[in-house]
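S.K.: below are the sequence and a predicted model; questions follow.
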Amino acid sequence: MASGSSSSFSRSRSRSIPSSPPPVKCFHDEIAPLRTVKFDGPTRGKRFYGCPYWPRTCGYFKWADEVDEVKELQFILFEKDTAISELQYEKECLEESVKKLKENNSKLEDDVNELALENAVKFESMESVKADKKLVFAMLLSWIFFAVVLLIK
């Protein structure tokens, strides 16, 4: 029974974690597209993430090279969230196992108490039979003694 539980845990831990981080999202919680600066100037050709609703944006803007750090942190957060979810699932499975073990323990305690009661009744019965045998033996001895006394007289 315990081996079945541990295999369900190993199955839950083997869920695949995506190899790429989640996409960058703007303040609308929409995927921010990767764009390139096309205007003349020192930033021409530089890549950036911005709100997909441009020109009416939410104000989200990140240079692509800065986003790598953000994406890395988002991915670490995603991994931690996944680990927490798996641990919560494992905890729920363990709690269910503990609940079942407590129920089984309760049933076994009831069985032990029932057997103890049955043994007590049997023991009393055996003690009664033992007392009856002693009484029969005492009566037999008294009759033999009485017979011997009558034969001697």
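M.R.: The structure has been received and is ready for your questions. Numbers count the residues shown, from 1 in each chain.

S.K.: where does the protein have its least confident helix or strand?
M.R.: For the chain, scoring each helix and strand by mean pLDDT, DSSP states H and E identifies helix 2-13 as the least confident one, at a mean of 43.

S.K.: was I right to think V37 contacts G50?
M.R.: No: here V37 lies out of contact with G50, judged by Cβ atoms under 8 Å, at a distance of 10.4 Å. Placement of C-beta: from N, CA and C, glycine included.

S.K.: on the three-state scheme, the spatially most central residue of the chain is what?
M.R.: Closest residue to the average C-alpha location of the chain: L94 at 1.7 Å, with Cα atoms, centre = their mean. In three-state terms, and counting by DSSP: H, G, I helix; E, B strand; the rest coil, L94 is helix.

S.K.: please apply the same query to P42.
M.R.: What three-state DSSP gives for P42 is coil.

S.K.: give me the low-pLDDT residue ranges for the chain?
M.R.: Segments of the chain classed as low confidence (criterion: pLDDT under 70) are 1-22, 67-68.
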